[in-house]
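Engineer: Return a 3D structure for these sequence lines:
(chains A and B)
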Protein chains: 2
Amino acid sequence: MASLSRVRFVLCETTHPGNIGAAARAMKTMGFGDLVLVSPKIFPDDQATAMASGADDLLLSARCCSTLEDALAGTTLAVGLTARRRDLSHPMQPLREVVQDMARETAHGDVALVFGTEMSGLSNAQLDACQCLANIPAQPDFSSLNLAAAVQVAAYELRQALLQDRGPVGREYPLATHEELEGFYQHLERVLLGSGFLDPHHPGRLMTRLRRLFARARVEREEVSILRGILKALYPADDGASRPS
Amino acid sequence: MASLSRVRFVLCETTHPGNIGAAARAMKTMGFGDLVLVSPKIFPDDQATAMASGADDLLLSARCCSTLEDALAGTTLAVGLTARRRDLSHPMQPLREVVQDMARETAHGDVALVFGTEMSGLSNAQLDACQCLANIPAQPDFSSLNLAAAVQVAAYELRQALLQDRGPVGREYPLATHEELEGFYQHLERVLLGSGFLDPHHPGRLMTRLRRLFARARVEREEVSILRGILKALYPADDGASRPS
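Structural biologist: You can find the predicted model right below:
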């Protein structure tokens, strides 16, 4: 997945090393590996390694930079994540829109997602270094995600955008054919008639409702066998004769 | 936003209280408030409060239950989050698809998102109590998100789905509640045992397969009545006594 390696996660002046570790784990779950730290307060650190729980390879290969400039060198699109609204800033887009732009751009160059400090986010100068700003839509009166949580959501969204054209998830078991389903419905109807549950003079919409129920489930071939086995066990008197099954 | 209050987040047997706090914060950033804890190892706890950083109101109002049954009482759609693939389970859908179903269902009833333990996720019995399973698409060889990170992503996706401007999709009939469905499954199991179709010494995965079939259909309340009527007609010997239904 070449496109995943085109994405750089940049954490600016992170205060708690545990958050760096948790962010690394979040990135790795979504297939990203390029972590860049701008002037982290404490790094490397045991807390970072502990919170990475298995993503310590990202910590080992992380680049430390002293400026955001350095961290963004070579990128063609840098997106700053921010909850803040500023009067004079780049337009802020919701994350889900921005990742589409980022995904397209990975065909051509490297892109970056930039995260600010835990307490105050990105500074104005840092925001200005980004080409666009994204926010994670959240509850207005409690909108501040934990840093690693924000990295997780952004990585998740970006992965979805990058891998969008995935083929359909394969179905594990074959569905019943039309004939198999009809055989089951006929069997069911005979049993319901034979047992007296279904009144042939006032059938109402019972069979229609049952068909509707099983149709919604998209019954598999093997399930038809199970259901017919149950009918046979509960109503052995049925000889399958009244209608062809 | 009435629909946000229709969503219950259920954490099963959480080991670390800090994760409960972080999950509460994640929920609150997305506007959710209904937290239910099934047999948490340690709760309440200072670590939980510390990690909630401002979402301690959710911890104060959290309900503790001893069983998942209790936690799901009254819900009409329970979705289990899992990274595992089992051979025979309910179909697993990507989170982004499932939240659409959940959003639609909130027009009619309460829905739940169910999360397992940090180490091993949801047990098979817990998975069976859910109507459908969702997974967060992740890197295959490193797919395990931190619990609070998974809650954050799920809450984010669900908020996006709930606040989307979909026109209301009319559901004609109310879905069965968790209790109604369980009553049906118990009735069915008694009948299958009584009739000899289900061997109590070699039950195999029959009940799981049947649950899976009906779960896919999202059974309506009235359909449960029809199905139980059929069981009664075909196996009148059942007196409902072997287990409470």
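Engineer: Just list the residues touching the residue nearest the centre of chain A, thanks.
Structural biologist: Centrality entry for chain A: nearest residue to the mean C-alpha point is A:Tyr156, 5.8 Å, by CA atoms, centre = their mean. By CB atoms under 8 Å, 6 or more residues apart in numbering or on different chains, the contact set of A:Tyr156 is A:Met30, B:Ile136, B:Val153. Glycine gets a C-beta too; all of them are placed from N, C-alpha and C.
Engineer: The second one - how many residues pack around it?
Structural biologist: Using other CB atoms under 10 Å in any protein chain shown as the criterion, B:Ile136 is surrounded by 24 other residues.
Engineer: same deal with A:Leu72?
Structural biologist: When neighbours are defined as other CB under 10 Å, A:Leu72 has 22 of them.
Engineer: Any chance you could list what contacts the helix or strand where A:Lys232 lies?
Structural biologist: Using DSSP states H and E, A:Lys232 sits in helix A:221-234. With contacts defined as CB under 8 Å, 6+ apart, helix A:221-234 is touched by A:173-177, A:180-181, A:183-184, A:187-188, A:191, A:219, A:238, B:191-192, B:195-197, B:206, B:209-210, B:213, B:234-235.
Engineer: hmm, which of the residues you listed are the buried ones?
Structural biologist: For those, a neighbour count by 16 or more other CB atoms under 10 Å in any protein chain shown gives the buried set as A:176, A:180-181, A:183-184, A:187-188, A:191, A:219, A:238, B:191-192, B:195, B:197, B:206, B:210, B:213, B:234-235.
Engineer: so how far is B:Ala48 from the residue nearest to A:Tyr235 when sequence neighbours are not counted?
Structural biologist: Using CB to CB, 6 or more residues apart in numbering or on different chains and skipping residues adjacent in sequence, the residue nearest A:Tyr235 is A:Val191, 4.4 Å away. A:Val191 is 55 Å from B:Ala48, where distance means CB to CB, to the nearest Å.
Engineer: Please apply the same query to A:Asn124.
Structural biologist: For A:Asn124, the distance to B:Ala48 equals 35 Å [CB to CB].
Engineer: Looking at those two, which has the bigger crowd around it?
Structural biologist: The residue with more neighbours, out of A:Asn124 and B:Ala48, is B:Ala48; 26 against 11, by other CB under 10 Å.
Engineer: Would you agree that one falls within a helix?
Structural biologist: Yes. Under DSSP: H, G, I helix; E, B strand; the rest coil, B:Ala48 sits within a helix.
Engineer: quick check: domain ranges of chain A?
Structural biologist: Chain A breaks down into these domains under automatic domain parsing: A:2-162, A:178-234.
Engineer: who wins for proximity to B:Phe43 among those domains?
Structural biologist: Across those, B:Phe43 has its closest neighbour in domain A:2-162 (19.5 Å, CB to CB).
Engineer: Report how far apart the opening and closing residues of that closest one are.
Structural biologist: End-to-end distance for domain A:2-162: 10 Å, by CA to CA, to the nearest Å.
Engineer: swap in stretch A:61-69?
Structural biologist: 19 Å.
Engineer: near chain B, anything from it?
Structural biologist: No. Using CB under 8 Å from any CB of the partner chain, we find that stretch A:61-69 stays clear of chain B, coming within 14.7 Å at best.
Engineer: And for chain A, the residue most distant from the center?
Structural biologist: What lies farthest from the middle of chain A is A:His201; by CA atoms, centre = their mean that is 52.1 Å.
Engineer: That residue: which element?
Structural biologist: A:His201 belongs to no helix or strand, assigned by DSSP H and E.
Engineer: returning to that earlier point: just the contacts of A:Tyr156: which are in helices?
Structural biologist: Taking DSSP state H as the definition of helices, these contribute B:Val153.
Engineer: can you list the contacts of A:Tyr156 in TSV and add distance to B:Ser39 and pLDDT?
Structural biologist: Below are the contacts of A:Tyr156 laid out as TSV (distance: CB to CB, whole Å; pLDDT from 0 to 100):
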residue	distance to B:Ser39	pLDDT
A:Met30	31	97
B:Ile136	24	95
B:Val153	24	98
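Engineer: Show me where chain A has its strands.
Structural biologist: A:7-12, A:34-38, A:63-65, A:75-81, A:92-94, A:110-115, A:132-135 (DSSP state E).
Engineer: Mean pLDDT lowest where, among those?
Structural biologist: In terms of average pLDDT, strand A:92-94 trails the rest of the strands of chain A, at a mean of 87.
Engineer: list the contacts for A:Asp70?
Structural biologist: With CB under 8 Å, 6+ apart, A:Asp70 has these contacts: A:Val38.
Engineer: any idea how far A:Ala134 is from it?
Structural biologist: From A:Asp70 to A:Ala134 the distance is 22 Å (CB to CB).
Engineer: Thanks a lot, see you next time.
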